[in-house]
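Peer 1: any chance you can model this:
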Amino acid sequence: MRPQASRRPERRIAALLAAPGAVRRYPLVAIAAAGLVAGIAARLGFRSAATADLFFLATLLLAGTPLVVQTLRGLLARRFAADVVAMLAIVTAVILRQYFAGAVIVLMQSGGEALEAYAMGRASNALEALLARAPKTAHRVRGDTIQDVPVGDVRPGDLLLIRPGELVPVDGEVIEGTAAVDQSALTGEPEPIRAGPATVLLSGSVCLDGALRMRAERPAAESQYQQIVRLVEGARREKPPLARLADRYAAWFTPITLAMCGVAYAVTHDPHAVLAVLVVATPCPLILAVPVAVIAAVSRAAELGVIVKTGAALEHVGRARVVVFDKTGTLTLGRPSVARIRPAEGWTEGDLLARAAALEQLSSHHLARAVTAAAVERGVRGAFRTEGFAETPGLGAVGEVDGRRVVVGSAAFLATRGIIAPDGSTRTTAQVAVDGRWAGAIEFADRLRSQVPALMSRLRALGVRETVMLTGDRATSAQAIAKEAGVDAVRADLLPADKVAAVEVLKKRRGEVVMVGDGINDAPALAAATVGIALGAHGAAVSAEAADIVVLVDDLSRVADAMDVSRRMRRVALQSIGVGLGVSFALMVVAALGFVTPAVGAVLQEGLDAAVILNALRARHGGFIPPSSTAA
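Peer 2: Sure thing, here's the model as predicted:
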């Protein structure tokens, strides 16, 4: 009976060992499985118990010794883990020459750790991702020559050239030229700024059009981008590791086991009874239930387009009572759209939009694309003939639309052509003039994602007590979006360091905090939060690297899905732990009275392991996957 029962762990871990490179990654599991198979073959094929025991002993020495040393090091470092009972069982099995029972425990412990490592995966290195994107070269202007130099060689006062499509290498001030500059990844502001003389630019911003000459104000090491790098590095270093669920239960289960060992020896005066208690008490429900439930839940999350990097993140995301959101690109779409059309007297909204779109369709500016899209959406895009198109990057465009002179741009751009445009809006606005007279204005705004109101209601149903928006955008815009979204609190005009400080305050006040973001400026806060969730469909790669969970589909409601999967996983794992430890305690009582041998105890423990694993796999099921969702 013993050999048949011992084949179960081999089948259970087979998938791990079959993967390419698995033996190299999980050598202890490979040694334990091979040793048990060899011992079983010796017992069944050659009818040699002595040979079988040699294989089991070799398994204990080769695979068990590292596990024992590892657990001892943890104890010396004051880490009281679930592996203590397993370590005692291995050592006692060697002393009492109960090699088969010890080998089974070795396989269970090493296999549990391998399953946990597989479930958690490897944490991403956010700092490397940040450095990979950081500006590396600057064009330094010296007289009539332009030199390409490493960004580290730039000194305050150096004159730099920034070409269209390039990153701003260091913080500095524009002294010549005009261009649209995208700073959204750093500040959260969705709309590019119009940079001209005296405009201060941040390193890591993108020059969209036009060429700029700027004077460096800080060396690269002190620039805004490098400050973000240091913030992410510091947040990762200071963020304490989340304790394993199994280890928290081991804090009380292990003393009970040791007490039962004392009872066993007092009743039987037989050290084999003590080993039997240790074998049946080996916390395989603790070692296996959580990793298996995590693997099942991670697979479930992947079907929803949610990638979970660590088992601890999956465990804790469902327990959070505070969820923090970035605004631009997270709660909103992150791109401007036409919010309002203000025609002048004698013009209708449709006519004004149609004329503007006929001109703007020839421009590559992001606001021009928004105008064209609005015309198509409203069905007012006429078959106009446009000639003589000319554009001033970052300011506006002019052209002949069906023989009429059309100008679209800022109020200042119209003023250079002698056209006065009233500009009292707080939104980004494109002014429109026809034949030298102001014809109206088109206002732009970032739109709220359609899933947000339903998401807020669902988060409250999942136990979230407070939702907070942290943004680098203007307060007026942030307040309007927060009200529309149903967010409880909002803080605006924040730098990346301010977001980290706000998250730390919430953690002290509320405990576990989830942060959801998508931009480079969100990366430090994502790293500082208990669990960081990045929107990876259109977000910056840096934020995805800094986060613990990445949503790969462009659907914010997956944040609630991740929390729901987490809560189910935790329920299933706790059920497996509770039932498993209850049965283990009952077996300890029987073993303490001398009715269970170590070998029989190993077989019984195997049956319990199988039941725990089957139950933990239930975390894989439950919930509804929309037809449109994918795991990509």
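Peer 1: only C-alpha atoms from now on, for both contacts and neighbour counts.
Peer 2: Fine.
Peer 1: can I assume residue 432 sits in a strand?
Peer 2: Yes: assigned with DSSP: H, G, I helix; E, B strand; the rest coil, residue 432 falls within a strand.
Peer 1: isn't it right up against residue 438?
Peer 2: Yes: Residue 432 is in contact with residue 438 according to CA atoms under 8 Å; the separation is 6.1 Å.
Peer 1: looking at those two, which is more packed in?
Peer 2: Taking other CA atoms under 10 Å, residue 432 and residue 438 do not tie; residue 432 has more neighbours (31 against 22).
Peer 1: where does residue 340 fall, phi/psi-wise?
Peer 2: Dihedral pair for residue 340: phi -160, psi 140, per degrees, to the nearest 10.
Peer 1: which residues does the nearest residue in space to it that is not next to it in sequence contact?
Peer 2: Closest residue to residue 340 apart from its sequence neighbours, by CA to CA, 6 or more residues apart in numbering: residue 443 at 5.1 Å. Contact analysis of residue 443 by CA atoms under 8 Å, 6 or more residues apart in numbering lists 338, 339, 340, 341, 342, 425, 427, 428, 429, 430.
Peer 1: residue 308 too?
Peer 2: Per CA under 8 Å, 6+ apart, neighbours of residue 308: 120, 298, 301, 302, 314, 548, 549, 550.
Peer 1: pLDDT at residue 229, what is it?
Peer 2: Model confidence at residue 229, given as pLDDT, is 63.
Peer 1: go on, the one 4 residues further on?
Peer 2: On the pLDDT scale, residue 233 is placed at 55.
Peer 1: that older thread, quickly find the element holding the residue nearest to residue 340.
Peer 2: strand 437-448 (DSSP states H and E).
Peer 1: tell me which strands that strand pairs with, and in which orientation.
Peer 2: Using DSSP bridges, the strands paired with strand 437-448 are strand 332-343 (antiparallel), strand 428-434 (antiparallel).
Peer 1: out of those strands, deepest packed?
Peer 2: strand 428-434 (a mean of 24; mean count of other CA atoms under 10 Å).
Peer 1: off-centre distance for it?
Peer 2: Centre-to-centre, strand 428-434 and its host chain are 41 Å apart (CA atoms, centre = their mean, to the nearest Å).
Peer 1: do you know which of the strands paired with strand 437-448 lies nearest residue 598?
Peer 2: Counting by CA to CA, residue 598 lies closest to strand 332-343 out of the strands paired with strand 437-448; the figure is 61.6 Å.
Peer 1: who does the longest helix along the chain touch, helix- and strand-wise?
Peer 2: Across the chain, the longest stretch assigned as helix under DSSP state H is helix 558-592. Applying 3 or more CA pairs under 8 Å, 6 or more residues apart in numbering; DSSP states H and E, one finds that helix 558-592 contacts helix 245-268, helix 271-281, helix 284-303, helix 311-317, helix 452-461, helix 598-616.
Peer 1: name the helices or strands packed onto the next helix or strand after the fourth one?
Peer 2: What it means is helix 311-317. Proceeding N to C from helix 311-317, the next assigned helix or strand is strand 322-325, under DSSP H and E. Under the contact definition 3+ CA pairs under 8 Å, 6+ apart, strand 322-325 sits against strand 466-470, helix 496-510, strand 513-517.
Peer 1: direction included, what does strand 322-325 pair against?
Peer 2: strand 466-470 (parallel), strand 513-517 (parallel).
Peer 1: domain assignment for the protein?
Peer 2: The chain breaks down by automatic domain parsing into domains covering 2-123+238-313+562-620, 136-169+171-218, 314-333+449-561, 335-446.
Peer 1: start and end of the last one, how far apart?
Peer 2: What it means is domain 335-446. 6 Å (CA to CA, to the nearest Å).
Peer 1: pLDDT below threshold where in the stretch 51-200 of the chain?
Peer 2: 79-82, 112-113, 115-134, 184-191 (pLDDT under 70).
Peer 1: residue boundaries of the helices in it?
Peer 2: In the stretch 51-200 of the chain, helices defined by DSSP state H, counting those that start in this stretch lie at 65-76, 83-95, 99-120, 126-133, 184-187, listed in chain order.
Peer 1: which residues sit in contact with residue 408?
Peer 2: 356, 359, 360, 396, 397, 398, 414, 430, 431, 432, 433.
Peer 1: go through these and name the one nearest residue 471.
Peer 2: residue 430 (24.7 Å).
Peer 1: partner residues bridging that closest one?
Peer 2: Applying DSSP bridges, one finds that residue 430 bridges with residue 442.
Peer 1: shouldn't it be in contact with residue 410?
Peer 2: Yes: contact status for residue 430 versus residue 410: in contact at 5.5 Å, counting by CA under 8 Å.
Peer 1: intersection of neighbour lists for these two?
Peer 2: With contacts defined as CA under 8 Å, 6+ apart, no residue is adjacent to both residue 430 and residue 410.
Peer 1: deepest-packed of the strands paired with strand 322-325, please.
Peer 2: Ranked by mean neighbour count, with mean count of other CA under 10 Å as the criterion, those are topped by strand 513-517 at a mean of 29.
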